[in-house]
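A.B. asks: fold the following for me, if possible:
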Amino acid sequence: MLRAVIIDDEPNAVGLLSLRLTQNCPHIDVVATCTNSQKGVQAILDHRPELVFLDIEMPQMNGFEVLEAVAGVPFSLVFVTAYDKFALKAFRYSAVDYLLKPIDTQELIQAVQRVEKSQKTVPEQIEHLKGQLSSQAKNLPDRIALPYQNGVAFVHLKDILYCESDDNYTKFYLADGQPYLATKSLRDIQELLEERDFLRVHRQYLINLNHIKKFVKGEGNYLVMSNMQAIPVSRTQKDRLMERFGWL
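C.D. replies: Model (predicted):
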């Protein structure tokens with residue numbers, strides 16, 4: 001059983017989330033529900049839960065202030081939020097899990113499953129997220145948080161050469177030669193990075209367009225990356241690659 005605390009200033013939201021956890025995630029033991037952020041802080045300190053569901057916009061103390069008040073208590077965190085599309089992208093770049101109000105049951109189940117496989121949320125993830133949410137320009141970040149087996153790595157996008165699918169995981173190959181096996185599928189990574197200078201050129205590969213050295217045509221089209229690694233280009237993706245570069 002995983003002990004969980006729910007903190008949200010909306011009583012109906014708290015009740016509904018607690019009910020859905022009982023119905024769909026019986027291995028989650030909700031040890032406290034709080035509609036007051038200060039009582040939520042005390043509940044975390046008293047119960048030391050493994051999982052906290054936390055609203056962000058609350059009176060008295062917002063979600064980030066709650067986290068500051070319980071700094072040092074390790075737990076996995078799922079934000080419950082009604083933020084807009086840009087903000088949700090910031091959550092994903094920071095590798096912080098979230099549920100969008102109104103909560104979808106299947107998304108709740110998937111969030112709990114991700115928590116069971118992941119490490120505890122670390123302060124650097126929260127600081128990264130706060131920085132993105134407070135950005136008035138709403139620019140996408142230059143770094144991405146990569147959850148991996150031993151924790152979370154923060155990597156500059158310009159340093160990523162390419163990503164390779166490994167079932168439900170993704171291998172990241174960086175300019176310094178340091179590899180990371182992130183606990184995200186390549187499809188998840190593609191959704192984040194294709195708005196930047198990245199392109200899925202093959203079912204196995206997502207590449208950084210800025211690290212292409214040359215494109216070799218033939219029966220088996222392939223790219224040579226800046227580390228001299230050859231990356232295959234599928235026939236269906238060749239036209240997209242040509243379009244991105246304006247090649248003839």
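A.B. asks: alpha carbons only for contacts and neighbour counts from here, please
C.D. replies: Will do.
A.B. asks: can I get stretch 60-75 in CSV, CA atoms only?
C.D. replies: Only the C-alpha atoms of stretch 60-75 are listed here, as CSV (Å, rounded to 0.1, in the frame of the first residue of the first chain):
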residue,chain,number,x,y,z
GLN,A,60,-3.3,31.2,2.3
MET,A,61,-0.5,29.1,0.8
ASN,A,62,-0.2,28.0,-2.8
GLY,A,63,1.1,24.6,-3.8
PHE,A,64,4.7,25.7,-4.1
GLU,A,65,4.6,27.3,-0.6
VAL,A,66,3.3,24.0,0.8
LEU,A,67,6.2,22.2,-0.8
GLU,A,68,8.7,24.8,0.7
ALA,A,69,7.1,24.2,4.2
VAL,A,70,7.7,20.4,4.0
ALA,A,71,11.1,20.6,2.4
GLY,A,72,13.1,17.5,3.4
VAL,A,73,10.1,15.2,3.5
PRO,A,74,10.5,12.8,0.5
PHE,A,75,7.5,11.8,-1.5
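A.B. asks: mind listing what's buried along that stretch?
C.D. replies: With burial defined by 16 or more other CA atoms under 10 Å, the residues of stretch 60-75 counted as buried are Met61, Asn62, Gly63, Phe64, Glu65, Val66, Leu67, Ala69, Pro74, Phe75.
A.B. asks: next step: these restricted to strands.
C.D. replies: The members of the buried residues of stretch 60-75 all map outside strands under DSSP state E.
A.B. asks: out of these, who's nearest Tyr222?
C.D. replies: The shortest gap between Tyr222 and any of the buried residues of stretch 60-75 belongs to Phe75, at 44.2 Å (CA to CA).
A.B. asks: return the helix or strand in this structure with minimum mean pLDDT.
C.D. replies: helix 85-93 (a mean of 82; mean pLDDT, DSSP states H and E).
A.B. asks: now for that helix, which elements pack on it?
C.D. replies: Contacts defined by 3 or more CA pairs under 8 Å, 6 or more residues apart in numbering; DSSP states H and E place helix 85-93 against helix 123-133, strand 143-148, helix 186-193.
A.B. asks: repeat that for 7 Å
C.D. replies: Counting contacts by 3 or more CA pairs under 7 Å, 6 or more residues apart in numbering; DSSP states H and E, helix 85-93 is packed against helix 123-133.
A.B. asks: name the residues that touch the helix or strand just after the least confident helix or strand of the chain?
C.D. replies: Proceeding N to C from helix 85-93, the next assigned helix or strand is strand 97-100, under DSSP states H and E. Under the contact criterion CA atoms under 7 Å, 6 or more residues apart in numbering, strand 97-100 has outside partners Leu77, Val78, Phe79, Val80, Thr81, Ala82, Phe91, Leu108, Ala111.
A.B. asks: for His27, see how far away the spatially most central residue of the chain is.
C.D. replies: Nearest residue to the geometric centre of the chain (CA atoms, centre = their mean): Ala95, 2.8 Å. In this view, Ala95 and His27 are 24 Å apart by CA to CA, to the nearest Å.
A.B. asks: can you report how many residues lie near Glu164?
C.D. replies: Per other CA atoms under 10 Å, the neighbour tally for Glu164 reads 21.
A.B. asks: any stretches of this protein with poor pLDDT?
C.D. replies: Where the chain drops to pLDDT under 70, the residues are 135-140, 246-248.
A.B. asks: go again using 80 as the cut-off
C.D. replies: 84-86, 118-119, 134-141, 148-150, 218-219, 244-248 (pLDDT under 80).
A.B. asks: break it down into its domains, please.
C.D. replies: As given by automatic domain parsing, the domain ranges for the chain are 2-133, 143-245.
A.B. asks: so Leu186 makes contact with Tyr162?
C.D. replies: No - look at Leu186 against Tyr162 with CA atoms under 7 Å: they stay out of range, at 10.9 Å.
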